[in-house]
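Below are the sequence and a predicted model for it; my questions follow.
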Amino acid sequence: MTYCLGIISTHGLVMAADSRTNAGVDYISTYRKMFDFSVVGDRTILLCASGNLSITQAVMTSIDRDLANPDIENLHSHQSLYEIAVYIGQKLRQVQTREREWLDKDGIDASCNILLGGQVRGQATELYMLYSQGNFIKAMPETPFLQIGEVKYGKPILDRTLKYDMSVEDAAKCALLSFDSTMKSNVSVGPPIDLVMYHHNSLEIRHQLTLHRGHPYLLQVRKEWESSLKDAFDRMPSIDWNRSQNLEPEPHDLSGFLNH
């Protein structure tokens, strides 16, 4: 399992991915999950992948091969991130069609997901999530983040803190807290963590980090976050058991439901 996260805001984009891959408790490896296909001054293209490693690697290899031939359709020939999402979806379907029959025979899950984030010159900064079938969804101001892989542990903090008008600096900090919560609860997600912060219209990645196990900032984030949670917990009012037992539930107005 892995965990990848993309956050979009009015100010730019944050992408993050862990590097842990496992095929059972006795086979845990490290593989890069974030890929940069940017061209400085023209387009920023970041991909993060989760799921079947052989499928996602085959897709990335196919993308690389197309880029080596400027006469055919490739990531750099399209004029919008939407068109790039369509192109990557086609690659996913091609690889899935080629490999699925043989994987299915041995009961191997061939599913995978890809996050696509970035900006093409003259267009908006955008974030997409592609499914195994090649279709995709786009992050919107109402839900300015998309996750793939082991998503459930890192989602609550995103739901409570992220806003579309948040600075990319704060979004990056929120991303790392989401990763810390995930790593705390699931050993299949772990460092190194690749983190990229992109400012809208810069058309250049100026801020990126690879945070290894034991990195001082990761340790500080965990320490401060755990301390803050404990302080917040200690400030919560105690349960008034006597009062709670005597409270009558409020009646529900079912007229609207019954009229339908």
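Everything's here; your move.

Near Met197, how many other residues are there?
23 (other CB atoms under 10 Å). Glycine gets a C-beta too; all of them are placed from N, C-alpha and C.

cool, and Lys163?
So Lys163, with other CB under 10 Å, has 13 neighbours.

47 is where my numbering starts, stick with that
Right, with 47 as the first residue, what we last looked at is Lys209.

so who does it touch?
55, 190 (CB atoms under 8 Å, 6 or more residues apart in numbering).

what's the spacing between Ile109 and Asn232?
According to CB to CB, to the nearest Å, Ile109 stands 29 Å off from Asn232.

go on, Pro238?
Pro238 is 16 Å from Asn232, by CB to CB.

Which secondary structure element is home to the closest residue to Thr207 other than its chain neighbours?
Computed as CB to CB, 6 or more residues apart in numbering, the closest residue to Thr207 that is not its neighbour in sequence is Cys220, at 5.5 Å. Cys220 is part of helix 214-231 when elements are defined by DSSP states H and E.

and the next element down the chain from that helix?
Next along from helix 214-231, by DSSP H and E: strand 239-245.

Partner strands of that following strand and their direction?
Strand 239-245 has the following strand partners under DSSP bridges: strand 58-63 (antiparallel), strand 253-257 (antiparallel).

Now do the end-to-end distance for stretch 48-64.
Start-to-end span of stretch 48-64 (CA to CA, to the nearest Å) is 6 Å.

Equivalent analysis for stretch 112-130, please.
13 Å.

now that stretch: mean pLDDT?
Averaged across stretch 112-130, pLDDT comes to 94.

Buried residues in it, which are they?
Using 16 or more other CB atoms under 10 Å as the test for burial, stretch 112-130 gives 112, 120-122, 124, 127-128, 130.

same check, this time on stretch 145-158
Neighbour-count burial for stretch 145-158 [16+ other CB under 10 Å]: 145-146, 149, 156, 158.

Contacts for whichever strand or helix holds Lys269 next, please.
Element membership of Lys269, judged by DSSP H and E, is helix 262-281. Outside of helix 262-281, the residues within contact range by CB under 8 Å, 6+ apart are 222-223, 226, 230, 237, 239, 257.

Including neighbour count, could the residues you listed go into TSV?
Formatted as TSV, those follow (neighbours: other CB atoms under 10 Å):
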residue	neighbour count
Leu222	22
Leu223	18
Asp226	20
Lys230	14
Pro237	18
Ile239	27
Leu257	19
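
quick revisit: comparing the strands paired with strand 239-245, which stretch has the densest surroundings?
strand 58-63 (a mean of 27; mean count of other CB atoms under 10 Å).

need the contact list for Gly180.
Contacts for Gly180 (CB under 8 Å, 6+ apart) come out as 135-136, 138-139, 142.

Mind checking which of the buried residues of stretch 145-158 are in helices?
Within those, residues falling in helices by DSSP state H are 145-146, 149.

among these, which one has the lowest pLDDT?
Comparing these by pLDDT, Arg146 comes last, at 79.

Nearest residue to that one in space, please, no chain neighbours.
Ala156 (5.0 Å).

Now Pro202: which helix or strand?
Secondary structure from DSSP H and E places Pro202 in helix 201-207.

and that helix, what other elements does it pack with?
strand 191-195, helix 214-231 (3 or more CB pairs under 8 Å, 6 or more residues apart in numbering; DSSP states H and E).

Would you point to the one among these that's packed deepest?
Scoring the helices and strands packed on helix 201-207 by mean count of other CB under 10 Å, the most buried comes out as strand 191-195, with a mean of 24.

Each with direction, which strands does that one pair with?
strand 49-55 (antiparallel).

From the chain's centroid, how far away is the partner strand?
The chain centroid and the centroid of strand 49-55 are separated by 4 Å under CA atoms, centre = their mean, to the nearest Å.

Columns pLDDT and distance to Thr56 on top of the contacts of helix 262-281, output as CSV?
What follows is the contacts of helix 262-281, written out as CSV (pLDDT from 0 to 100; distance: CB to CB, whole Å):
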residue, pLDDT, distance to Thr56
Leu222, 94, 21
Leu223, 94, 21
Asp226, 89, 25
Lys230, 86, 31
Pro237, 85, 30
Ile239, 93, 25
Leu257, 91, 26
